[in-house]
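J.: any chance you could fold what I've pasted below:
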Amino acid sequence: MARRFGALLLDWMLCVLVAGIFARPMVDGWAPVVVLIAEYTFFVGLFGQTPGMRLAKITCLGDQTGQPVGLLRGALRGILLALVIPALVMDPERRGLHDRAAGTIIRPAV
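T.: Okay, the predicted model is just below:
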């Protein structure tokens with residue numbers, strides 16, 4: 001769990017910095033959230049890890065295929081993660097509702 005939280009924290013800091021290019025993230029709270037959803041859509045969807053996940057040495061892949069999940073499922077995971085509550089509700093396998101809905105699982109990177 002510590003690596004997952006650390007990865008999310010790193011990604012959030014990156015999103016605040018990127019959002020600073022086109023908005024005032026400390027005033028416009030929507031801007032970093034939009035960037036976070038876009039980041040998850042692109043990086044998780046196509047590569048299976050965000051920059052924060054890469055630094056934390058974890059991957060987010062399809063639970064059935066072990067491959068990146070594509071843009072639609074990456075976007076779904078990002079949107080549900082941005083809502084926060086789905087990520088806090090976990091099953092015994094420590095998969096949040098956002099992972100279940102998107103069909104993803106977090107594993108150590110190879």
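J.: now the residue nearest to residue 57 when sequence neighbours are not counted: how far from residue 53?
T.: Leaving aside its sequence neighbours, residue 57 sits nearest to residue 109 (CB to CB, 6 or more residues apart in numbering; 4.6 Å). C-betas here are computed from N, CA, C, even on glycine. Separation of residue 109 from residue 53 (CB to CB, to the nearest Å) stands at 8 Å.
J.: how about residue 11?
T.: If you go by CB to CB, the gap between residue 11 and residue 53 works out to 8 Å.
J.: same deal with residue 61?
T.: Using CB to CB, residue 61 is found at 11 Å from residue 53.
J.: tell me which of the two has more neighbours.
T.: Counted by other CB atoms under 10 Å, residue 61 and residue 53 do not tie: residue 53 has more neighbours, with 25 against 19.
J.: quickly find the element holding the more buried one.
T.: Using DSSP states H and E, residue 53 falls within helix 51-56.
J.: kindly report the same for residue 4.
T.: helix 2-19.
J.: give the next helix or strand downstream of that helix.
T.: Sequence order places helix 30-39 as the next helix or strand after helix 2-19, per DSSP H and E.
J.: for that next one, buried residues please.
T.: 31-37, 39 (16 or more other CB atoms under 10 Å).
J.: farthest residue from the center of this protein?
T.: residue 27 (22.9 Å; CA atoms, centre = their mean).
J.: how near is that one to residue 14?
T.: 19 Å.
J.: what of residue 80?
T.: 19 Å.
J.: between the two, which one's more packed in?
T.: residue 80 (21 against 17).
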